[in-house]
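[1] Task: produce atomic coordinates for the following.
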Amino acid sequence: MRRAAVLGGSIAGLLAARVLSDHADEVVVLERDDIAPAGDFGGDQEPRPGVPQGTQMHALLDAGRRRIDHWLPGFATELVAAGAALADTGTDVHCFLDGRRKVLTGDIEMVSATRPFLEAHLRRRVLAFDNVRLVNGRVRGLAFTGDRVSGVRYADAADAEDVLTADLVVDATGRASRIGTWLREGGWPEPGMRRMPVDLGYATALFRRPAGPHDATLAQSLANLPDGRLRLGTLGRVEGDRWVVLVAGYAADRPGRGVEEFLLRCKEDPAAPFRQLAEDGEPIGEPVTYRHPDNRRRDFHLLDRFPAGLVAVGDTLASFNPIYGQGMSSATSHASCLATYLESGQSPRDPAWSFFRQARTVVDDAWQTSALNDMKLPHVTGPRPRGFTVAARLSDLIVRASVTDPVIHRRFLDVMHMRSSAKTLMRPGTLLRAAWAVRRDPARADVAV
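    Residues are numbered from 1 along each chain as shown. As a prediction, this is how the structure comes out:
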């Protein structure tokens, strides 16, 4: 390819640009936010306006960390040297279910850092490639020539419209992408969009690192309250010798913006690290809230017509419940699909059906992980798939067994960190071991097995 255009300088867009740098003479990243190629990598960076969730807690799961290190060797080491935390599930990642800490199991590492910090490092590394450059501009639409996309129409900083020609265009503009409108304007069908309302709300606050004994680099808590509400919390060390803490709830139980309410939620959490942080942690500023109304996915693979020279990655493809931390690591999976497509030798002058088929497999697996749990929530409406009740009970069985059984917990973590498919947890041997672990647990609640 002579030129590839990436729409959006997000995590997904930057990773797509890195993959494309091996295949195109020139890669142009078109980003609406006016951002510098590099920047101050200290602890006080501001999130981009185009990333409304940029103030919230982010973690790079093990599979995502490994993929980025493949394309950008030493990336995770660089982050840690600059202040991010590398957390190992065998020592310093503590997972809690209703206040009970799960057994530790190792060899899975995740990076805890703020989103602006991580994205700035990624942007600097990707833009260091000689054939990758960043252009500030807002996408106005796609340019079509015959049965293919031949470029993108955009407005520059002075609001003057121009056309950037390209052999391949990658849409990484996120869950609010207008790709359906752009396709319709060119005479092509729109991809269908599935939505699953979840009405999740969460708040994130920064704390100065307390002096007390906090032995977890990262802690995660899931609590089923007696009145049926489900609450979630995550805390982790980040750059600048700080802690970032997230509390979340659904529907009417969404957290507010006040510090007092935030600290009260931490005190009410049955997991000890949150109560301890509420007692001896010093908040930095006010909590910042964010609402995730629904999960979304665009089913490109179901279209019967699609132009050549166009693919989509990141949240443009699918946007999941962020509480599971799949977003950034899903973006690395989409980049892997793009790499496989480009390495296959297929021409960008043909529709990228093989890319969308492979991406569908990735999206299906992540969708199953989050959607199955979301459909258990009483306020989530809509049809349940056939076999949902059985699948939900088996999922609960796995989660409860992971409290005491290290083998089950390791397999559970492999799925949550996107190292293996969710289907592996439904294998007979795993389910039998989980049932035995729950029956042997003296503190177990009654579970149908």
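[2] can you map out the strands along the stretch 51-200 of the chain?
    With DSSP state E, counting those that start in this stretch as the criterion, the stretch 51-200 of the chain has strands at 57-60, 85-88, 93-97, 100-101, 109-114, 132-136, 138-145, 148-155, 161-165, 168-171, 192-208.
[3] just the stretch 301-449 of the chain next, same as before
    Assigned by DSSP E, counting those that start in this stretch, the strands in the stretch 301-449 of the chain fall at 310-312, 318-319.
[4] Point out where the stretch 301-449 of the chain drops to low pLDDT.
    By pLDDT under 70, the low-scoring segments of the stretch 301-449 of the chain are 444-449.
[5] Show me what counts as buried in the lengthiest helix in the chain.
    Secondary structure assigned by DSSP state H gives helix 353-374 as the longest helix of the chain. Neighbour-count burial for helix 353-374, counted by 16 or more other CB atoms under 10 Å, picks out 355-356, 358-360, 362-374. In this view, the C-beta of every residue, glycine as well, is placed from N, C-alpha and C.
[6] and the angle from it to strand 192-208?
    Angle, helix 353-374 to strand 192-208, by axes from the mean of the first three to the mean of the last three CA atoms, to 10 degrees: 60 degrees.
[7] Report all helices and strands that helix 353-374 contacts.
    If contacts are counted by 3 or more CB pairs under 8 Å, 6 or more residues apart in numbering; DSSP states H and E, helix 353-374 sits against strand 192-208, strand 282-299, strand 318-319, helix 327-343, helix 388-401.
[8] Just the C-alphas of that helix, formatted as PDB.
    The C-alpha atoms that make up helix 353-374 are tabulated as PDB, following Å, rounded to 0.1, in the frame of the first residue of the first chain:
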ATOM      1  CA  TRP A 353     -14.400 -10.100   4.600                       C
ATOM      2  CA  SER A 354     -11.700 -12.300   6.100                       C
ATOM      3  CA  PHE A 355     -10.800  -9.600   8.600                       C
ATOM      4  CA  PHE A 356     -14.400  -9.200   9.700                       C
ATOM      5  CA  ARG A 357     -14.900 -12.900  10.100                       C
ATOM      6  CA  GLN A 358     -11.800 -13.200  12.300                       C
ATOM      7  CA  ALA A 359     -12.800 -10.100  14.300                       C
ATOM      8  CA  ARG A 360     -16.200 -11.500  14.800                       C
ATOM      9  CA  THR A 361     -14.700 -14.500  16.700                       C
ATOM     10  CA  VAL A 362     -12.800 -12.100  19.000                       C
ATOM     11  CA  VAL A 363     -15.900 -10.000  19.600                       C
ATOM     12  CA  ASP A 364     -18.100 -13.000  20.200                       C
ATOM     13  CA  ASP A 365     -15.800 -14.300  22.900                       C
ATOM     14  CA  ALA A 366     -15.500 -10.900  24.700                       C
ATOM     15  CA  TRP A 367     -19.200 -10.300  24.300                       C
ATOM     16  CA  GLN A 368     -20.000 -13.700  25.900                       C
ATOM     17  CA  THR A 369     -17.800 -12.900  28.900                       C
ATOM     18  CA  SER A 370     -19.500  -9.600  29.700                       C
ATOM     19  CA  ALA A 371     -23.000 -10.100  28.300                       C
ATOM     20  CA  LEU A 372     -23.700 -13.300  30.100                       C
ATOM     21  CA  ASN A 373     -23.000 -11.600  33.500                       C
ATOM     22  CA  ASP A 374     -24.900  -8.500  32.500                       C
END
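[9] what sits up against it?
    The contact list for helix 353-374 (CB atoms under 8 Å, 6 or more residues apart in numbering) reads 196, 198, 295, 297, 299-301, 306, 311, 313, 317-318, 320-321, 324, 326, 330, 333-334, 337-338, 340-341, 344, 346, 380, 388, 391-392, 395, 415-416, 418, 421-423.
[10] The same query, at a cut-off of 6 Å, please.
    Residues from elsewhere that reach helix 353-374, judged by CB atoms under 6 Å, 6 or more residues apart in numbering: 196, 198, 297, 300-301, 311, 317-318, 320-321, 324, 326, 330, 333-334, 337, 341, 380, 395, 421-422.
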